[in-house]
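In: following is a predicted model, sequence given first.
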Amino acid sequence: MTVNQPSDLPQPLERLRGMQDVGPAQFRRRQQVLRRLQRVIERHGYEFVETPILEPTELFLRKAGPERIAQLYAFAYRNRDIALRPEHTASILRYYIDARQNDPLPLRLAYVGPVFRYERPQAGRTRQFTEIGCELLGAPGASGDAEIIHLACEVLQAVGIASRIVIGHVGIVLDYLQRLPLRQRARDWLLWSMERLRKGQEVDLEKDLPGLTGGSTVAQLTRELSEKLAPLDRTELERLVLALLHEVGLQVASGSRTPDEIVRGVLAKLERSTDTEALRRGFAFARELATVTGTPDTVLPELQRLVERYALDPQPLRQIDELLTLLAGYGIATDRIELAPGMARGLHYYTGILFELYPQGSGDLQLCGGGRYDDLAQLLGARSPLPACGFAGGIERIADAATLADPPPVPRLLVMATRIDALPAAERVAERLRAQGAVVELDVRQRSLSANRRYARRRGIQRLIVVDSSGTVEEIDLLQGRGDDE
């Protein structure tokens, strides 16, 4: 029979889409996994710190990709632009800049806490999750990359997960794109598209082309003007633009910028006009690089040929080769490693090695990922360069993939008083049992013996402790028969 709720009662509020409630069993499982991960991380010399959930929005905009920006929970409050953190790395570097710039390097920091991303909810992906990770600050080169990748593998191994490692290097594509006359927006789009192509997703260049090149009449005129002005030297260009601004009646002497600054801004905008052909070349290169994937033995020769064909800097290849040697020193064999030089990972602060970890032999659900970001500290205001690398993973995904046995159950007991005046004695008994390591509930509803039997069985409590006003204790084993509560 359906019971109708009275119309004058408030309607229940639903949980927000993409958010999760975590029940007791799931919470215990995640805490068990978290404790193991923390022990492994601390044994490698990393210290846990905590940063605020709320940060200035600008902290996450300076070098985030368009996809991550679209996922940001951001709002204005009392004339401040504020965001819920979507990841920890930028916050850790802000903390370093605020408080740790005088520390000796390398600095090993770790963190765990909730992050928020407004993305489409699906299996293994929610809008709030708990991120755990490590940042190795002040460690240049392959030795730092190898330590971070090894530590990420050890973290997963601690909860019974054998990992498959996918390694990339963003320096290859960055080297090529820097040679093309592209605006930053177009470069960001190419990095985003390369990551989608690597995952087998469709990318429609022709659809996005007008927005990337400025397909409007004004943009077309800008490109034509840029071509006509190309033969002039810088001094002639500045005089021409200044005269043009005066001709159309613009007051260049007013406001916060000088006439020279305005002229330089106009010229810079003209020089940044994106060449459609350059964008097509960049997309073709990204598509080609995204298809290069496989074991180191097969990919490295193919990458060597690609680097030679495009006359690219061979340094990324040398760094990958050195990294593989150092990983072998940690006991990580190449049969666990896949190379994917088309990896971009959605964040545009990466400068070198990138990597992702997956469960070995089962599916494509990423458990950890990270890479090198040598430029990010100075972009956020550090007073000197800081080579750095790190990794992060979601506790929820790791806990779901973990193969840990459940911990042995702790005895659960229910203590009840036979009468209200026996309650102080029952409280003392409950405290004594808790001190001995038992999980103890105290009956606070003054139920009857039979009602407490029923409650205890439904709660999975094994023993009922009955205390009378004289302090006499009777223990009832609820696992033996059904008793008199039937």
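Out: Yep, that arrived.

In: poorly predicted segments of the chain, please.
Out: Across the chain, the ranges flagged by pLDDT under 70 are 1-7, 65-66, 214-274, 481-486.

In: can you tell me the centre-most residue of it?
Out: By CA atoms, centre = their mean, the chain has its centre lying nearest to residue 87, at 4.5 Å.

In: so that residue lies in a strand, does it not?
Out: No: assessed with DSSP: H, G, I helix; E, B strand; the rest coil, residue 87 is coil; it does not lie in a strand.

In: so who does it touch?
Out: Going by CB atoms under 8 Å, 6 or more residues apart in numbering, residue 87 touches 60, 68, 115, 131, 347, 392. In this view, the C-beta of every residue, glycine as well, is placed from N, C-alpha and C.

In: include distance to residue 31 when you put the residues you listed into a markdown table, please.
Out: Shown next, in a markdown table, are the contacts of residue 87 (distance: CB to CB, whole Å):
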| residue | distance to residue 31 |
| --- | --- |
| 60 | 28 |
| 68 | 29 |
| 115 | 18 |
| 131 | 16 |
| 347 | 29 |
| 392 | 19 |
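
In: which of these sits closest to residue 357?
Out: residue 392 (10.8 Å; CB to CB).

In: and that closest one, which of the three is it?
Out: strand.

In: can you pull out the helices in the stretch 151-300 of the chain?
Out: 171-177, 184-198, 205-213, 217-229, 234-247, 259-271, 276-290, 296-309 (DSSP state H, counting those that start in this stretch).

In: circling back: ok, now how distant is the residue nearest to the centre of the chain from residue 329?
Out: Noted for residue 87: a distance of 30 Å to residue 329, by CB to CB, to the nearest Å.

In: ok, now residue 120?
Out: According to CB to CB, residue 120 stands 41 Å off from residue 329.

In: packing partners of the helix ranked longest in the chain?
Out: Longest helix of the chain, by residue count under DSSP state H: helix 24-43. Counting contacts by 3 or more CB pairs under 8 Å, 6 or more residues apart in numbering; DSSP states H and E, helix 24-43 is packed against strand 47-48, strand 107-116, strand 128-137, helix 141-157, helix 395-401.

In: sort out which residues of it are buried, please.
Out: Using 16 or more other CB atoms under 10 Å as the test for burial, helix 24-43 gives 29, 30, 32, 33, 34, 36, 37, 38, 40, 41.

In: distance of the nearest residue to the fourth one once chain neighbours are set aside from residue 365?
Out: Spelled out, that is residue 33. Spatial nearest neighbour of residue 33, chain neighbours left out: residue 399 (4.4 Å); criterion: CB to CB, 6 or more residues apart in numbering. Residue 399 is 13 Å from residue 365, where distance means CB to CB.

In: more neighbours: these two, which one.
Out: Ranked by neighbour count (other CB atoms under 10 Å), residue 399 and residue 365 place residue 399 first, with 19 against 14.

In: roughly how far apart are the more buried one and residue 29?
Out: The value you get for residue 399 to residue 29, if CB to CB is used, is 6 Å.

In: hang on, isn't residue 319 packed against residue 167?
Out: No: Residue 319 is not in contact with residue 167 according to CB atoms under 8 Å; the separation is 10.4 Å.

In: mutual contacts of the two, please.
Out: Residues touching both residue 319 and residue 167 (CB under 8 Å, 6+ apart) are residue 353.

In: compare these two (neighbour count), which wins?
Out: The neighbour comparison of residue 319 against residue 167 (other CB under 10 Å) goes to residue 167, with 23 against 18.

In: residues contacting that one?
Out: The contact partners of residue 167, taken as CB under 8 Å, 6+ apart, are 149, 320, 323, 337, 338, 339, 340, 343, 353, 354, 355.

In: again with residue 124
Out: Applying CB under 8 Å, 6+ apart, the residues contacting residue 124 are 365, 396, 397, 400.

In: once you drop chain neighbours, what's closest to residue 449?
Out: With CB to CB, 6+ apart as the criterion, residue 449 has its nearest non-adjacent residue at 6.8 Å, and that residue is residue 466.

In: the one you found bridge partners, please.
Out: residue 416, residue 474 (DSSP bridges).

In: what count of nearby residues applies to residue 317?
Out: 19.

In: and the end-to-end length of stretch 387-403?
Out: 35 Å (CA to CA, to the nearest Å).

In: could you do stretch 361-375 as well?
Out: End to end - CA to CA - stretch 361-375 spans 35 Å.

In: the spatially closest residue to residue 40 that is not a sequence neighbour and residue 37: what is the separation?
Out: In this structure, residue 40 finds its nearest non-sequential neighbour in residue 158, 4.6 Å apart by CB to CB, 6+ apart. As judged by CB to CB, residue 158 and residue 37 stand 6 Å apart.

In: now residue 111
Out: Distance, residue 111 to residue 37, by CB to CB: 12 Å.

In: shared neighbours, these two?
Out: Contacts common to residue 111 and residue 37, judged by CB under 8 Å, 6+ apart, are residue 132.

In: and residue 416, what does it touch?
Out: 426, 442, 443, 447, 449, 452, 464, 465, 466, 467.

In: top of those residues by neighbour count?
Out: residue 467 (25 neighbours).

In: how far away is that residue from residue 447?
Out: When distance is defined by CB to CB, residue 467 is 14 Å away from residue 447.

In: which residues touch residue 350?
Out: 170, 344, 371, 372, 373.

In: and of the residues you listed, the nearest to residue 288?
Out: Out of these, the member with the shortest distance to residue 288 (by CB to CB) is residue 344, at 14.3 Å.

In: please name the nearest non-neighbouring residue to that closest one.
Out: Closest to residue 344 by CB to CB, 6+ apart is residue 195, at 4.1 Å.

In: can you tell me which of the contacts of residue 350 are in helices?
Out: Using DSSP H, none of the contacts of residue 350 sit in helices.

In: of all these, which comes closest to residue 16?
Out: Distances from residue 16 to the contacts of residue 350, taken as CB to CB, are shortest for residue 344 (30.0 Å).
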